[in-house]
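1. Sequence isn't available, so here's the structure alone:
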């Protein structure tokens with residue numbers, strides 16, 4: 001099936017189809033929904049990080065005005081664990097008296113109003129039998145998990161190659177915990193009707209939440225419905241089924257009324273996960289000509305006391321460059337901390353910081369330009385599989401980025417570029433992101449009036465899924481954009497993938513592609529034996545679509561309008577479904593490629609005050625086929641802002657004695673503001689990816705990866721000071737003030 005070229009449908013910067021709803025306030029987020037006789041819930045959180053509850057008195061709370069119930073481990077029913085997957089939920093709450101982290105939920109109060117519930121929650125009295133919490137990554141009491149996800153890589157003989165290398169670098173890099181606290185407070189609204197449960201929730205995976213809640217409460221999955229047409233930000237925080245979601249459903253079942261539970265900002269910091277802290281030890285060996293001969297990368301990340309969190313940082317180094325001898329090891333240590341969770345660019349963001357900082361250090365040891373060193377070690381084929389990439393325009397990213405940034409103006413000596421009182425530094429980082437795609441389904445319906453409805457149980461967390469899937473559907477069906485409606489955010493729709501790992505656009509897009517092709521085939525089946533139809537007997541490969549019609553390829557006059565076909569056959573509509581699943585690299589003979597990119601950064605440092613400012617960022621990205629350049633550019637800009645936060649501001653500070661997060665508000669947890677954001681230029685290069693029929697690779701997360709290293713490398717170029725930990729702070733820069741002064 002071919003399509004007629006329709007200007008502005010795919011690739012161009014089409015405005016968001018959901019934009020008018022958002023700017024007029026008509027878009028409904030979970031917090032905007034309610035039910036008749038809606039009750040409200042408030043949480044009581046632990047004030048210690050480890051131990052047991054020794055006394056819990058709810059009498060005053062239960063006697064408070066408007067209170068309907070106070071639920072604790074003493075009266076909560078037994079809840080079943082959710083399915084154990086790599087995105088598994090934390091254990092069901094209120095099942096015993098153990099305390100595993102500060103802020104753990106120890107009670108939920110249900111009342112007629114939110115104010116009544118909050119006031120009563122303050123009257124719950126809890127005493128604890130405490131134990132000394134394990135809070136430090138180096139604490140010898142911490143349980144060590146070695147290769148928990150079987151992601152360690154051994155290629156060649158790294159130790160021997162390091163021993164014989166002309167030049168060797170050895171260094172340790174660290175990154176801080178980052179708060180996964182999006183702007184919209186996470187909300188759950190739960191209502192029961194017998195064993196049927198309806199939930200409005202801030203989830204990135206309606207289907208996963210549906211399955212989990214059915215298992216937790218022991219009810220048929222077919223009776224659980226999850227609705228989430230809009231999410232107030234996700235960044236990975238909505239991928240798991242959090243305890244507050246289970247508590248909202250439990251509270252609703254207990255009081256036999258619908259219940260709304262809205263997390264406060266401090267509860268967002270402790271209740272929906274965070275980016276794990278890392279300590280990474282790297283050893284790199286190279287020949288004098290700059291060719292890598294060995295990489296040894298060991299990463300240790302933090303983990304909560306129970307459950308899992310997939311965050312292999314060291315494995316990033318296994319495929320980033322052409323290197324014959326590689327050893328990567330990922331380890332985790334269990335601590336009495338809040339749940340660790342995927343956050344934009346998980347694993348790759350931290351791993352890239354270590355590797356790209358080390359590559360920059362190596363370039364100075366070798367006396368080779370940092371850009372040239374990366375080009376010399378570009379991986380022409382997948383280093384691990386030995387197969388050609390399904391697509392890889394990283395070399396073009398470097399070349400286009402260097403030209404646009406003006407890298408040739410860089411003076412190689414650190415501290416040699418100035419403007420007035422400011423030291424100027426140029427830094428770069430090569431970027432890659434893992435390939436990821438999960439199965440997905442979609443349906444497409446053609447209606448008698450010539451419009452189409454395409455549906456899947458996915459979410460749009462702000463990335464533009466509504467828009468790009470509307471564009472893609474319109475192109476595949478040959479309709480104008482206003483003639484297509486894309487519906488999502490309802491678990492009753494065809495099963496959809498979760499919005500994470502930069503894999504939704506490919507997984508969902510391929511399912512939509514299949515559904516639309518099958519719908520066109522259904523139309524052809526309808527006219528196959530119609531002697532009056534110019535399409536009688538035509539196959540899918542012999543037709544094209546455009547302007548609301550199907551026609552024979554190369555002969556637009558031999559065709560029919562959808563509306564005429566449906567009317568002639570007395571059909572109110574036609575529906576077809578489609579599904580996608582990841583391809584097998586061995587069958588295609590291709591190595592699946594995620595997106596690639598190059599980040600070029602200019603920083604300015606005040607040598608007297610240790611002030612750091614990012615002046616410019618140029619990002620060149622290979623993301624395969626770009627479905628909407630406007631929304632894709634927005635994703636890279638947004639990710640860049642997050643990367644600046646990771647590099648210069650964000651650090652969840654845990655009190656070493658109590659385990660309390662000491663800066664769990666936006667007044668104390670530093671994030672970039674408008675004044676911190678520089679001029680940004682974004683460009684896309686490359687070709688459609690060959691690993692899937694629509695040629696996309698995803699852009700949601702690669703925009704963050706690489707910023708930490710690029711900024712740190714620019715700081716070194718400006719000052720001569722090598723900073724190996726994030727975030728980069730004023731005190732770190734002032735430690736080298738003697739070398740910064742003129």
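-> All right, it came through fine. On a predicted model such as this, the values are computed, not experimentally measured, just so you know.

2. tell me the contacts of residue 266?
-> Contacts for residue 266 were tallied using C-beta atoms under 8 Å, 6 or more residues apart in numbering; they are 103, 661, 664, 665. Any C-beta I mention is one placed from the backbone N, CA and C, and that applies to glycine too.

3. Mind telling me what element the closest residue to residue 254 other than its chain neighbours is part of?
-> Leaving aside its sequence neighbours, residue 254 sits nearest to residue 69 (C-beta to C-beta, 6 or more residues apart in numbering; 5.1 Å). Here residue 69 sits within strand 67-72, counting by DSSP states H and E.

4. got the end-to-end distance for stretch 329-338?
-> Counting by C-alpha to C-alpha, to the nearest Å, you get 24 Å between the two ends of stretch 329-338.

5. Oops, could you answer that again for stretch 647-657 instead?
-> One end of stretch 647-657 to the other measures 27 Å (C-alpha to C-alpha).

6. Run through the helices of the stretch 1-150 of the chain in chain order.
-> Taking DSSP state H, counting those that start in this stretch, the helices of the stretch 1-150 of the chain run over residues 19-23, 59-62, 114-121.

7. what separates the strand holding residue 69 from the chain centre, distance-wise?
-> Here strand 67-72 is found 36 Å from its chain centre; the criterion is C-alpha atoms, centre = their mean, to the nearest Å.

8. angle of that strand against helix 114-121?
-> Angle between the axes of strand 67-72 and helix 114-121 is 50 degrees (criterion: axes from the mean of the first three to the mean of the last three C-alpha atoms, to 10 degrees).

9. Show the secondary-structure elements that strand 67-72 is packed against.
-> Counting contacts by 3 or more C-beta pairs under 8 Å, 6 or more residues apart in numbering; DSSP states H and E, strand 67-72 packs against helix 59-62, strand 105-111, helix 114-121, helix 243-255.

10. now what about the shortest one, what contacts it?
-> For helix 59-62, the external contacting residues (C-beta under 8 Å, 6+ apart) are 67, 70, 107, 109, 120, 121, 123, 124, 125.

11. which non-adjacent residue is nearest the fifth one?
-> Spelled out, that is residue 120. Using C-beta to C-beta, 6+ apart, the closest residue to residue 120 is residue 64 (3.8 Å).

12. ok, that neighbour to residue 117 distance?
-> Distance, residue 64 to residue 117, by C-beta to C-beta, to the nearest Å: 9 Å.

13. got any residues that touch both of these two?
-> Common contact partners of residue 64 and residue 117 (C-beta under 8 Å, 6+ apart): residue 111.

14. Tell me the confidence at residue 5?
-> Residue 5 is assigned a pLDDT of 39 by the prediction.

15. To clarify, my last question referred to residue 519.
-> You'll see residue 519 listed with a pLDDT of 98.

16. Distance-wise, check it relative to residue 533.
-> 17 Å.

17. Same question for residue 696.
-> Taking C-beta to C-beta, one finds residue 696 at 35 Å from residue 533.

18. between those two, who's got more neighbours?
-> Neighbour comparison, residue 696 and residue 533: the larger count goes to residue 696, with 27 against 21 (by other C-beta atoms under 10 Å).

19. Quick check: phi and psi at the more buried one.
-> Torsion angles at residue 696 (phi, psi; degrees, to the nearest 10) stand at phi -100, psi 160.

20. Could you tell me the model confidence score at it?
-> Here, the pLDDT recorded for residue 696 equals 96.

21. so residue 35 touches residue 193, yeah?
-> No. Between residue 35 and residue 193 there is no contact under C-beta atoms under 8 Å: 10.4 Å.

22. Pick out whichever of those two has more residues nearby.
-> Neighbour totals were compared for residue 35 and residue 193, and residue 35 leads with 16 against 9 (other C-beta under 10 Å).

23. residue contacts, that one?
-> Neighbouring residues of residue 35 by C-beta under 8 Å, 6+ apart: 189, 191, 258.

24. Could you list the domains of the chain?
-> Following automatic domain parsing, the chain resolves into domains at 2-26+438-581, 33-131+183-233+238-272, 349-435+590-740.

25. Next, format the ones you listed as JSON lines and append distance to residue 144.
-> Shown next, in JSON lines, are those (distance: least, C-beta to C-beta, whole Å):
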{"stretch": "domain 2-26+438-581", "distance to residue 144": "27"}
{"stretch": "domain 33-131+183-233+238-272", "distance to residue 144": "18"}
{"stretch": "domain 349-435+590-740", "distance to residue 144": "18"}
